[in-house]
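S.K.: take this sequence and fold it.
(2 chains)
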2 protein chains.
Amino acid sequence: MSILEIFRSREKKANSAAIARERLQIIVAHERNGQHTTPDYLPAMKQDILNVVRKYVQVEQDHVSITFENQQDVSILELNVTLPDND
Amino acid sequence: MSILEIFRSREKKANSAAIARERLQIIVAHERNGQHTTPDYLPAMKQDILNVVRKYVQVEQDHVSITFENQQDVSILELNVTLPDND
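M.R.: You can find the predicted model right below:
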């Protein structure tokens, strides 16, 4: 819930920037409890999620930026998609 | 990037809670620029994303919580999946 609030305030700031582009941001966080060592499937999941996005919007390869962070307790996959300007 | 940092610090706090469960958190934010009115496909995307998650992990229906927020400039879909304890 509180993550959402932070998210929202960030979005507002981004919107007030000079060039306001329509975009889609997807964050997947896999939080492990430290006791189990589970396989990390986020890198594989990346392509599946992009395929889902492509069902709904036209996505050009160079309008997608993907980052992946892997730490002991949490892996975070972030996809940023800039959407095409429809007239 | 900075969203990631916030995310990470939140995750650490969650991990230090009494019961540390393995979980997957997915946030999809559709940021509109206010000039265009685009169809909101996040509610429809929800099921597709859950299907992707199910490819990789066993998800029980009552271990999924979904929230959706719709505002003028941004729609945010949040999925929280508590993963089963393996052995």
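
S.K.: where in chain A is pLDDT low?
M.R.: Regions of chain A meeting the criterion pLDDT under 70 cover residues A:1-20, A:34-39, A:86-87.

S.K.: in it, which spans are helices?
M.R.: For chain A, applying DSSP state H gives helices covering A:2-15, A:42-56.

S.K.: quick one: contacts of the longest one?
M.R.: Among residues not part of helix A:42-56, those counted as contacts by CB atoms under 8 Å, 6 or more residues apart in numbering or on different chains are A:24, A:26, A:28, A:30, A:59, A:64, A:66, A:68, A:75-77, A:79, A:81, B:41, B:44-45, B:48-49, B:52-53, B:55-56. For glycine as for every other residue, the C-beta is placed from the backbone atoms N, C-alpha and C.

S.K.: now those residues: which count as buried?
M.R.: Applying 16 or more other CB atoms under 10 Å in any protein chain shown to these, the neighbour count classes A:24, A:26, A:28, A:30, A:59, A:75-77, A:79, A:81, B:41, B:45, B:48-49, B:52-53, B:56 as buried.

S.K.: what is the burial count for the spatially closest residue to A:Asn80 that is not a sequence neighbour?
M.R.: Nearest non-adjacent residue to A:Asn80, counting by CB to CB, 6 or more residues apart in numbering or on different chains: A:Ser65, 4.6 Å away. Look at A:Ser65: counted by other CB atoms under 10 Å in any protein chain shown, it has 10 neighbours.

S.K.: distance of A:Ser65 relative to A:Gln47?
M.R.: Computed with CB to CB, to the nearest Å, the distance linking A:Ser65 and A:Gln47 is 15 Å.

S.K.: with A:Pro84 instead?
M.R.: From A:Pro84 to A:Gln47 the distance is 21 Å (CB to CB).

S.K.: do A:Val57 as well
M.R.: 16 Å.

S.K.: those two - which one has more neighbours?
M.R.: Legend: neighbour count by other CB under 10 Å for A:Val57 and A:Gln47, higher for A:Val57 (17 against 11).

S.K.: state whether that one and A:Leu83 are indeed in contact, as I suppose.
M.R.: Yes: using CB atoms under 8 Å, A:Val57 makes contact with A:Leu83 at a distance of 5.7 Å.

S.K.: overlap in contacts of those two?
M.R.: Joint contacts of A:Val57 and A:Leu83 (CB under 8 Å, 6+ apart) are A:Leu24.

S.K.: let me see the contact set for A:Pro84.
M.R.: Per CB under 8 Å, 6+ apart, neighbours of A:Pro84: A:Val57, A:Gln58, A:Glu60, A:His63.

S.K.: I'm done for today, thanks for sticking with me.
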